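K.L.:
I would like the atomic coordinates for the input below:
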Amino acid sequence: MTLAEIRAAIEARGLSYRGAFHPAADDLTDAGAVVLAGFIGSSNWRHFEESAEARDGEPDALDRWSFRIIGAVADELGAAALFPFIGPPWLPFLRWAQKAEPLHPSPIGMLIHPDWGLWHSFRGALAFQERFDLPAQDRRPSPCDSCSDKPCLTTCPVAAFKKNSYDVAACVAHIETTQGGDCMNEGCRARRACPVGAAYRYSPEQANFHMRAFRRAQRNWR
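P.N.:
Model (predicted):
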C-alpha cells in the first residue's frame, strides 16, 4: 500500500485527501500512520448532494454520509475509520490537521490554509497500523501573519469577533433575524471577508447547509 494508492481511493469516493502524519504518544491512537480526508472548497459538495443521505430528510445527513463513505474506504484498504463527530473520547482532529497540512488558527478561530483559506473541512481519517514514507512537512507560515487589515475582525455586522474571542450569542441572535439573511444564505460574512482562498469559497447551497446546522446546534444547546 502506498500513499498515492490511499489518496486515489479517497478521491474516487468524492472526498479530498487532506494530508497524513505519524502519530505521537499523545494523539489518542496507536496507529502507525493516519491519513485525513475531507472537503476543499465546493469541489466535493456535489458527491454529498447527490447521496441518499442528503435526500432522506433524516438528521445528521453529512455525518452519516461521511461515516458510510470513509468506512467503505477503510474496509477497502484494511484501515480503521476515525471521525471527529463520534465520541467520547473526542479525537483531536484539529491537532491532527495541523500535523498533516500547513494549517494555523485564524483570528476568528477557524484553521486557515495558505491556499484554501478558511474554505475546507475534515470529515474523517484512516488509521493504518503500518507506517508510510511521508513527504516532508509543509511548513508555510500562516497567511494571517502578513495580513495587516484583518477584515475578518471588522466585517461581522454584530461585531461578534474580537481577537481571541467569539461572541456566539450575538452571532446566533443575528442569524435568527431577517437582517441575518446574508450570513445564513451566503455564509458567515467575517469568513467571506478573508481574501485568502477566495476562489474556494463555498457555494451558497453548501454555505447555507452549514449555517443551518450551526443554528440548529446552538438552539439545541439552549
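K.L.:
which residue ranges of the chain form helices?
P.N.:
Remark: helices assigned in the chain by DSSP state H are 3-12, 45-49, 52-55, 61-77, 93-100, 168-175, 181-186, 189-193, 204-221.
K.L.:
which residues are contacting stretch 139-155?
P.N.:
Stretch 139-155 has contacts (Cβ atoms under 8 Å, 6 or more residues apart in numbering) with 102, 104-108, 112, 114, 117, 161-163, 189-196. All C-beta atoms are positioned from the backbone trio N, CA, C, and that covers glycine.
K.L.:
6 Å instead?
P.N.:
Pro102, His104, Ser106, Pro107, Ile108, Pro114, Phe161, Arg189, Ala190, Ala193, Cys194, Val196 (Cβ atoms under 6 Å, 6 or more residues apart in numbering).
K.L.:
with stretch 26-38 instead?
P.N.:
6, 10, 15-16, 18-23, 70, 91, 100, 121-132.
K.L.:
residue contacts, the residue nearest to Val196 when sequence neighbours are not counted?
P.N.:
For Val196, ignoring the flanking residues on the chain, the nearest one in space by Cβ to Cβ, 6 or more residues apart in numbering is Gly117 at 3.8 Å. Applying Cβ under 6 Å, 6+ apart to Gly117 gives the contacts Cys194, Val196, Gly197.
K.L.:
the last one: neighbour count?
P.N.:
Think Gly197. Number of residues near Gly197 (other Cβ atoms under 10 Å) recorded here: 19.
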